[in-house]
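Asks: The amino acid sequence is not available; the structure is as follows:
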């Protein structure tokens, strides 16, 4: 597990503000509701992280949130005390219940091999009721690959904390199913002249659209593809599967 989800987890709200997720979460809520009739009431989110999507989706659904990082679950718990939180790996967790819908956002990018990806999608299928819906939203497929750098900042007047970070996505090596994403975090506490610098390296899986469609079909979903537009003109795709 990378440092962002361990000792830096309590900086997450400065790096990625919950308010920034409102528009996209509203879109996902519409997709979930339009996919099945009646619309879902219960939703399982796999790889829920700091709970930024859930804080908006819980207005429409009863949310159960699963993440493998205890520190990120603590962050989400402060934001979503009214949601159930479960520590677990999306490849292996089993809750012994089915939901009307399963939602998997960009945490799916940490699946680096086809076996890992199949296992995560099998978990989604195991928790989706028949004729329920699963929405999976990777940052990119092989066809929508993007690389380069961008930076953001965050300041919290209540704590006096400030964060600046640079994210640099490198092109994948030839034949690799993943690419490296480097983060440099600059962190400053209240009334402290010092700035702490942390370098954190992540690996994100990259698979062709055909692989996503094949694996989703294999685990039991009838799938449609929804194009998405991201910040800065980047494109991505959401996979919407109805459980057979």
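Replies: Structure's in. What do you need? Because the structure is a prediction, the values reported are computed rather than measured.
Asks: Count the residues that sit near the residue nearest to residue 63 when sequence neighbours are not counted.
Replies: Counting by CB to CB, 6 or more residues apart in numbering, the nearest residue to residue 63 once its immediate chain neighbours are dropped is residue 83, at 4.5 Å. For the C-beta atoms, the positions are set from N, CA and C on the backbone; glycine is no exception. Using other CB atoms under 10 Å, residue 83 has 21 neighbouring residues.
Asks: before we move on, what about residue 164?
Replies: 18.
Asks: element containing it?
Replies: strand 161-169 (DSSP states H and E).
Asks: which residues touch the following helix or strand past that strand?
Replies: Beyond strand 161-169 on the C-terminal side, the first helix or strand identified by DSSP H and E is strand 178-188. Contacting residues not belonging to strand 178-188 are listed as 4, 8, 11, 15, 112, 145, 147, 161-173, 194-206 [CB atoms under 8 Å, 6 or more residues apart in numbering].
Asks: same check, this time on stretch 19-27
Replies: By CB under 8 Å, 6+ apart, stretch 19-27 touches 52-53, 55-57, 228.
Asks: Kindly recompute the last result at 7 Å.
Replies: Stretch 19-27 is contacted from outside by 52-53, 56-57, using CB atoms under 7 Å, 6 or more residues apart in numbering.
Asks: how far away is residue 65 from residue 5?
Replies: Distance of residue 65 to residue 5, computed by CB to CB, to the nearest Å: 14 Å.
Asks: Just the buried ones out of the contacts of strand 178-188, please.
Replies: Buried members of the contacts of strand 178-188, scored by 16 or more other CB atoms under 10 Å, are 4, 8, 11, 15, 112, 161-165, 167, 169, 172, 200, 202-206.
Asks: which non-adjacent residue is nearest residue 141?
Replies: residue 209 (4.8 Å).
Asks: Tell me the helices and strands packed up against the strand holding residue 164.
Replies: In terms of contacts (3 or more CB pairs under 7 Å, 6 or more residues apart in numbering; DSSP states H and E), strand 161-169 is packed against helix 12-15, strand 148-156, strand 178-188.
Asks: between residue 65 and residue 5, which one's more packed in?
Replies: Higher neighbour count among residue 65 and residue 5: residue 65, with 26 against 22, using other CB under 10 Å.
Asks: How about the more buried one: what's its closest non-neighbour residue?
Replies: residue 48 (3.8 Å).
Asks: Next up, the contacts around the one you found.
Replies: Contacts of residue 48 by CB under 7 Å, 6+ apart are 54, 65-67, 76.
Asks: Tell me the secondary structure at it.
Replies: Recorded secondary structure, residue 48: coil (DSSP: H, G, I helix; E, B strand; the rest coil).
Asks: ok, back up a step: report how many residues lie close to the residue nearest to residue 141.
Replies: Neighbour number of residue 209 under other CB under 10 Å is 14.
Asks: so it makes contact with residue 145?
Replies: No. Contact criterion CB atoms under 7 Å: residue 209 and residue 145 do not qualify, at 11.3 Å.
Asks: Which stretches in the chain count as strands?
Replies: Taking DSSP state E as the test, the strands found in the chain are 42-46, 62-67, 84-87, 99-104, 128-136, 148-156, 161-169, 178-188, 196-205, 221-229, 235-243.
Asks: Good, we can wrap up now.
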